[in-house]
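Peer 1: My questions are about this predicted structure, shown below with the sequence.
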Amino acid sequence: MDDDMSQYYFTASMDSGKTLCSLLKAIQFQEISIAVLAECLNIFGSGEESSLKMYYRGEGSPLLLVLQPQSLTNVMTDCEISTQTADSVLELRDEDSSEVAKLVLKAPAFLGLLADLERSCDIMELQLSPEHPNVSIVTYGMQDRSCIDMPKSSEMVQSFSCEETVTLKYQLHHIRLIMKALAISSKVVVRFSSNGLLLLQLKLEKEDQRQMFSEFYIVPLLDD
């Protein structure tokens, strides 16, 4: 590997490649090309901890990985992963929109709430208000409708801010996609923008106390 870092657009190093692998698995929604990267990170086996270095020269270049197991000396492996160029990059942030409500929830409790929602429902409506009960979660299916009220005094809620009543709808399937990441998280920050965009920021924690963060953006359903 060339030591001249100036030729690379991106470089990174980590003491633990397994940490990155865990994060990738938490945000992997389906069997796409991200699985190739996860396999490379586990090239020495799931029980072996390895240091990791990554290099990327720029558009059209492969992603280069250098892994070195901690239990073996003078052993190193290089991997090259072909990259793709996106036709366009989806930009969800809107500089003209403002934050209208914010929730900080305990991730295990929120995971349990999502797991308990009726599987036949496909739409989730979130109602936030400065007045009691503060948060209402309404789910709709073909023949079912259910509602869960959650006041800001709930043990699940660590903080709550909302100055005016907000009602937004989302595909419940999109919300459930974060459940794998929630399972290894301690806290989730839920932010609502004036344009309806839902941002979920998760604080992930590993057994070795390493902390990681991931963000999920979910666009709202438009009224008919």
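Peer 2: That came through, no problem. Everything quoted here is computed from the prediction, not taken from an experiment.

Peer 1: Ile137 and Met54, how far apart?
Peer 2: Ile137 sits 40 Å away from Met54, going by CB to CB, to the nearest Å. To be clear about C-beta, it is placed using only N, CA and C from the backbone, and glycine gets the same treatment.

Peer 1: Oops, could you answer that again for Ser71 instead?
Peer 2: 21 Å.

Peer 1: The two: who's more crowded?
Peer 2: Taking other CB atoms under 10 Å, Ser71 and Met54 do not tie; Met54 has more neighbours (20 against 10).

Peer 1: what pLDDT does that one get?
Peer 2: Confidence at Met54, expressed as pLDDT, is 95.

Peer 1: from what I can see it touches Phe10, true?
Peer 2: Yes. Judged on CB atoms under 8 Å, Met54 makes contact with Phe10 at a distance of 7.3 Å.

Peer 1: And the pLDDT at the residue of the chain positioned farthest from its centre?
Peer 2: Most distant from the centre of the chain: Asn74, at 35.8 Å, with distances by CA atoms, centre = their mean. In this model, Asn74 is scored at 82, pLDDT.

Peer 1: List the contacts of Leu168.
Peer 2: The contact partners of Leu168, by CB atoms under 8 Å, 6 or more residues apart in numbering, come to Glu125, Leu126, Phe192, Gly196, Leu198, Pro220.

Peer 1: mind running it again at 7 Å?
Peer 2: Neighbour list for Leu168: Leu126, Phe192, Gly196, Pro220 [criterion: CB atoms under 7 Å, 6 or more residues apart in numbering].
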